[in-house]
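**Q** Pasting the sequence and the predicted coordinates here, then a few questions.
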Amino acid sequence: MKIILSAIFLLSSSFVQINAQTLKPVKDKTVMVTAKVDRRIELTSIIARLAEYGEYQRDDFKSYTSDVDKHFAKYKNHPAVEFARKVRTSNSIAFDAVPSLAVHLNPNLTPKFAFSDSAPDRRWGKQAAEEFTKLLQKFDKDADCEAFFKSHAGLYKIAEQRMQEVISKVDFAWYKNFYGEVPKGSFNLYVGLLNGGMNFGPKVVYPDGREELFAIIGAWKMDEKGLPVFADDFLPTIIHEFNHSFINHLVDAREKQFQPNGEKIFQPVAEKMAKMAYGTWETTIVESLVRAAVIRYLFDHQKFEKVSAELINERNNGFLWIDELFVLLGTYENSRKLYPTFRSFLPLIEGYTADLAKRIDEKAKNFERRQPRIVSIDDFANGAEDVDSRLTRITFTFDQPLEGKGYSINLGAGGRAKYPIEKVVGYSADRTKFTVEVKLKPDWEYEFAVTGNSFRSIDGYPLQNTIVKFKTKKE
């Protein structure tokens, strides 16, 4: 273990060093997957939307969500919807728990096999899953769902065709090569048209050991006609969700071994994880492994620049150890005689998390130290209440040069009415300043957020988010 950790520290000290490794050739595609818009996914998502699950209230696909709201408005108090509201609180049903139940149903909405306390999902439990399934069947008939789905058949076909163009580029054989185990079943990809930016990777395990792996991909990008589009930048998301099917159950099975160190690792990054709806140490460990595996896939298939960018993005998302984990999984890939399967390598990952738990607080402090900051605002101090309304420009000064590739300024709590920015001027020559043009009126409060989404240091660290608030003087 010490040898592996030493290799991690040497290789992760600079992203550039990883480029020295040799890219592997793409394997033959031995698995074909067909993109589908699935009635079960749409139906359970509709009920979650009617039950006012916050994560299912997005309107990325505006024309479709409007049709859903119009057709199903009078069923908001249907027993299936009322039950969904109930288990939202009693069983913590949210996010992936919804499609997890859906994929455990046959097309006629009957269970694929007898439910248990762990299938379709531990959050559901046997009793709640069985009761909701019966109510779902009733809702399907009562709400004339058949007519709704038939009227949108053309739309579903367009979404399927567009997603198929993307998934045809996925090397599904990589999963067998990387994990060393082949699922006794199938890969499946569904487009969740009500999901917005949410993506899930549930799995069905039959009593006889057969498995069905799912990637459920949301629709959050639209063309000029308001129809969903899926470009190559969806590839990492698809690869990500299928990885869940190979990793989740392995971490679940070794929960006791991971938990003590997982809890320590989670604490310093809990706030960032919460913003991505990752509220537990276990989810954080699983997501770490999944995201590191995605980057291993990219390393095998794409240019190093893409790999480096993903490492930086995931580090900035809160996975401060992602570079080390990426290298550790590289050790696994290069030691397959010793570790023929990912499962057999898991004890070494546990050992790594034990070491990381000892260092995580300092790692978090070091990350914060390296983040750029706004050190001043020209013409007034943040929070001032006597700003001249004749001011036409605001300039921010940073404590270090930024990479200068973009900017990210968002609305504040007051929304558009308190957002003064009219135009972006841009960076100074040395990239230590950034200027915007504003339009102000007297005796008015303004607020906006300058964030690290695109404001980054030269080595990729995100700007510390800053809320800018001020009030103009009365005339």
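**A** Ah, there it is.
**Q** same for the host helix or strand of residue 41, what does it pack against?
**A** If you go by DSSP states H and E, residue 41 is part of helix 39-50. In terms of contacts (3 or more CB pairs under 8 Å, 6 or more residues apart in numbering; DSSP states H and E), helix 39-50 is packed against helix 62-72, helix 79-90, helix 97-102, helix 125-142, helix 145-151, strand 185-192. Where you see a C-beta, it was placed from the backbone N, CA and C, and this is true even at glycine.
**Q** Pick the most deeply packed of the ones you listed.
**A** helix 97-102 (a mean of 26; mean count of other CB atoms under 10 Å).
**Q** Could I have the CA atoms of that helix written out in CSV?
**A** C-alpha atoms of helix 97-102 as CSV (Å, rounded to 0.1, in the frame of the first residue of the first chain):
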residue,chain,number,x,y,z
ALA,A,97,-35.4,6.6,-6.0
VAL,A,98,-38.0,7.5,-8.6
PRO,A,99,-36.5,5.8,-11.7
SER,A,100,-35.1,3.0,-9.5
LEU,A,101,-38.6,1.9,-9.0
ALA,A,102,-39.6,2.4,-12.6
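**Q** on that earlier part again, closest to residue 225 out of the helices and strands packed on helix 39-50?
**A** Closest approach to residue 225 among those (CB to CB): helix 62-72, 9.0 Å.
**Q** so can I have JSON lines of the helices and strands packed on helix 39-50 showing distance to residue 466 and mean pLDDT?
**A** Output for these, formatted as JSON lines (distance: least, CB to CB, whole Å; pLDDT from 0 to 100):
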{"stretch": "helix 62-72", "distance to residue 466": "32", "mean pLDDT": "97"}
{"stretch": "helix 79-90", "distance to residue 466": "35", "mean pLDDT": "98"}
{"stretch": "helix 97-102", "distance to residue 466": "36", "mean pLDDT": "97"}
{"stretch": "helix 125-142", "distance to residue 466": "44", "mean pLDDT": "98"}
{"stretch": "helix 145-151", "distance to residue 466": "46", "mean pLDDT": "97"}
{"stretch": "strand 185-192", "distance to residue 466": "35", "mean pLDDT": "91"}
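**Q** So for residue 356, which of the ones you listed sits nearest?
**A** Of these, nearest to residue 356 by CB to CB is helix 97-102, at 28.9 Å.
**Q** Counting by contacts, list what the closest one packs against.
**A** Helix 97-102 packs on helix 39-50, helix 125-142, going by 3+ CB pairs under 8 Å, 6+ apart.
**Q** Select, out of these, the one closest to residue 173.
**A** Using CB to CB, the helices and strands packed on helix 97-102 put helix 39-50 closest to residue 173, at 26.1 Å.
**Q** for that closest one, what is the average pLDDT?
**A** Averaging pLDDT along helix 39-50 gives 98.
**Q** re the thing from before, how about JSON lines for the helices and strands packed on helix 97-102, with distance to residue 280 added?
**A** As requested, the helices and strands packed on helix 97-102 are arranged in JSON lines below (distance: least, CB to CB, whole Å):
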{"stretch": "helix 39-50", "distance to residue 280": "21"}
{"stretch": "helix 125-142", "distance to residue 280": "18"}
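**Q** Which of those sits closest to residue 322?
**A** Among the helices and strands packed on helix 97-102, helix 39-50 sits nearest to residue 322 (CB to CB), with 30.1 Å.
**Q** tell me how far that closest one is from the chain's mean position?
**A** Relative to its chain's centre, helix 39-50 lies at 20 Å (CA atoms, centre = their mean, to the nearest Å).
**Q** Next, the angle helix 79-90 makes with it.
**A** 70 degrees (axes from the mean of the first three to the mean of the last three CA atoms, to 10 degrees).
**Q** quick revisit: save the helices and strands packed on helix 39-50 as CSV, and put in distance to residue 157 too.
**A** Shown next, in CSV, are those (distance: least, CB to CB, whole Å):
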stretch, distance to residue 157
helix 62-72, 14
helix 79-90, 27
helix 97-102, 20
helix 125-142, 21
helix 145-151, 12
strand 185-192, 11
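**Q** Of those, which is nearest residue 380?
**A** The nearest among the helices and strands packed on helix 39-50, by CB to CB, is helix 62-72 at 39.0 Å.
**Q** Extract the C-alpha set from the closest one and format it as CSV.
**A** In CSV, the C-alpha atoms belonging to helix 62-72 read as follows (Å, rounded to 0.1, in the frame of the first residue of the first chain):
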residue,chain,number,x,y,z
LYS,A,62,-40.6,23.8,-21.8
SER,A,63,-43.0,22.6,-24.4
TYR,A,64,-43.1,19.1,-23.0
THR,A,65,-43.4,20.1,-19.3
SER,A,66,-46.3,22.5,-20.4
ASP,A,67,-48.1,19.6,-22.0
VAL,A,68,-47.6,17.4,-18.9
ASP,A,69,-48.9,20.2,-16.7
LYS,A,70,-51.9,20.8,-18.9
HIS,A,71,-52.9,17.1,-19.4
PHE,A,72,-52.4,16.0,-15.7
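**Q** what packs against that helix?
**A** Using 3+ CB pairs under 8 Å, 6+ apart, helix 62-72 sits against helix 39-50, helix 145-151.
**Q** Quick one: distance of the last one to the chain centre.
**A** From the chain centre to the centre of helix 145-151 is a distance of 30 Å (CA atoms, centre = their mean).
**Q** Show me what that helix is packed up against.
**A** helix 39-50, helix 62-72.
**Q** I'd like the next helix or strand past it.
**A** Following helix 145-151 toward the C-terminus (DSSP H and E): helix 153-167.
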